[in-house]
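Visitor: pasting the sequence and the predicted model now:
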Amino acid sequence: MGTMADVAAAAGVSISTVSHVLNETRRVDPRTRDAVLAAIESTGYRRNALATALATSRSGVLALSISAGRNPYFGPLMRAIESRASELGYTLMMGDSHDDPEIETRLVGSLLDRRVDGMILAPAPHSEAGTIPTVRRAGTPLVLIDRLSPADVDQVASEGAEPVARLTAHLAELGHRRIGVLTGHPGIQSTIERIQGFTGAMTAAGLRAAPRHIRCGDSRADEARRQTLAMFRARAPRPTALVVLNNEMTVGTMRALRELQLRVPDDVALVAYDDFEWSDLFSPGLTAAAQNVDAIGRRAVDLLVERIGGFDGPRRVERVPTAFHHRDSCGCERLGGGV
């Protein structure tokens, strides 16, 4: 493995010139820079990341704190973030918060101790009072994803209320009057917005969901299954349609309906916020509002890198539109409806 001196000798320049090319600490003539880069390639030189960080006050590392384990939505989001970070020359360091404020606090502290250049955070509940102020006090650039916050930081998330309102209104247009809903983890903005979309559409249709038909699935498949079973086993009129507010809960809801031997959409119509890559393989296919995960992840990295580069403007809060994937689970064909 070559040394910096080997690179300088091969390129016919001084060691300091090689250092300036590597660390971008001074403008170097493009032809000289190309010669240095060619010499790096030919000698097999690998720079010392710690020394580079000390010289430039940058580590070349971005941090991501996210609840990765439970929700299949976060897997593609992480891949989008890592891909864009790599394109821009950064390494991604990631940790799983498990949507637990205490775990998130420890995780974020550990990531900050590693002198990351910036952080992307899918905040756990109540982060406004804990984690977010901690990152800001450290002076580390921060971008929030998925769950918006009143905090004065850049943020990127999908539209929340409108897609759920559209799904709910679609069921009402098909003639459903008893519509149930499985809501997500309480205390986070995405859950609040999606519930607002559901209740707003119900009100606009002249409907009101019975309290027994509004169940918190806590963004978990097992809890959504349990709540769906309870909803349909209650001694009262059952809902004829369900709106499920994330894809992890959709899995649990579908398991419960299968246990109850209820057919979708013949016995109960089903629509969901969040799509799966394999939703069109369901029988029937799932009618869903699909988030543009790739756009969210890439845009979050772009905003963060701009902050790292010195952008000092006001906070930017950006919404990424969802796509309405109309399939069969809503029961349009059975009821003679459509879109």
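Guide: Good, I have the coordinates. Values in this document were obtained by computation on a predicted structure and should not be read as measured data.
Visitor: any idea how far Ser190 lies from Asp218?
Guide: For Ser190, the distance to Asp218 equals 13 Å [Cβ to Cβ, to the nearest Å]. C-beta: built from backbone N, CA, C; applies to glycine.
Visitor: joint contacts of the two?
Guide: Counting by Cβ atoms under 8 Å, 6 or more residues apart in numbering, the residues touching both Ser190 and Asp218 are Gly184.
Visitor: for stretch 91-106, which positions count as buried?
Guide: Residues of stretch 91-106 classed as buried by neighbour count (16 or more other Cβ atoms under 10 Å): Leu92, Met93, Met94, Gly95, Asp96, Ser97, His98, Asp99, Pro101, Ile103, Glu104, Thr105.
Visitor: let's see that stretch as CSV, backbone CA atoms only.
Guide: What follows is stretch 91-106, C-alpha atoms only, in CSV (Å, rounded to 0.1, in the frame of the first residue of the first chain):
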residue,chain,number,x,y,z
THR,A,91,-20.4,7.0,4.6
LEU,A,92,-23.6,6.3,6.5
MET,A,93,-23.5,5.2,10.2
MET,A,94,-26.9,4.0,11.4
GLY,A,95,-28.6,3.0,14.6
ASP,A,96,-32.1,1.6,15.5
SER,A,97,-34.0,3.7,18.0
HIS,A,98,-36.8,1.1,18.3
ASP,A,99,-39.2,4.1,18.6
ASP,A,100,-38.1,4.4,22.3
PRO,A,101,-37.1,7.9,23.5
GLU,A,102,-34.6,6.5,26.0
ILE,A,103,-32.9,4.3,23.4
GLU,A,104,-32.9,7.1,20.9
THR,A,105,-31.3,9.5,23.4
ARG,A,106,-28.4,7.0,24.0
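Visitor: mean confidence for that stretch?
Guide: Mean per-residue pLDDT for stretch 91-106: 86.
Visitor: per-residue pLDDT, Ile214?
Guide: Model confidence at Ile214, given as pLDDT, is 96.
Visitor: just to revisit the earlier point, would you turn the buried residues of stretch 91-106 into CSV with secondary structure and distance to Ser149?
Guide: Below are the buried residues of stretch 91-106 laid out as CSV (DSSP: H, G, I helix; E, B strand; the rest coil; distance: Cβ to Cβ, whole Å):
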residue, secondary structure, distance to Ser149
Leu92, strand, 22
Met93, strand, 22
Met94, strand, 20
Gly95, strand, 19
Asp96, strand, 20
Ser97, coil, 15
His98, coil, 19
Asp99, coil, 15
Pro101, helix, 13
Ile103, helix, 18
Glu104, helix, 13
Thr105, helix, 16
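Visitor: closest to Ala210 out of the residues you listed?
Guide: The nearest member of the buried residues of stretch 91-106 to Ala210, counting by Cβ to Cβ, is Asp99 at 28.5 Å.
Visitor: Ser65 is in contact with that closest one, correct?
Guide: No - contact criterion Cβ atoms under 8 Å: Asp99 and Ser65 do not qualify, at 10.8 Å.
Visitor: domain ranges for this protein?
Guide: Listed domain ranges for the chain are 4-47, 61-158+293-321, 160-290 (source: the TED database).
Visitor: between those, which gets nearest to Cys330?
Guide: The closest of those to Cys330 is domain 160-290. By Cβ to Cβ, the value is 4.1 Å.
Visitor: ends of the closest one, what's the gap?
Guide: 11 Å (Cα to Cα, to the nearest Å).
Visitor: got it, and stretch 169-183?
Guide: With Cα to Cα as the measure, stretch 169-183 spans 17 Å from end to end.
Visitor: list the buried residues of stretch 164-179.
Guide: By neighbour count on 16+ other Cβ under 10 Å, the buried set for stretch 164-179 is Val164, Ala165, Arg166, Leu167, Thr168, Ala169, His170, Leu171, Ala172, Leu174, His176, Ile179.
Visitor: mind listing what the first one touches?
Guide: Applying Cβ under 8 Å, 6+ apart to Val164 gives the contacts Glu193, Arg194, Ile195, Gly197, Phe198, Ala201, Val243, Leu245, Tyr273, Ala289.
Visitor: count the residues that sit near the fourth one.
Guide: Burial of Gly197, expressed as a neighbour count using other Cβ atoms under 10 Å, amounts to 26.
Visitor: please name the nearest non-neighbouring residue to it.
Guide: Leaving aside its sequence neighbours, Gly197 sits nearest to Val164 (Cβ to Cβ, 6 or more residues apart in numbering; 3.2 Å).
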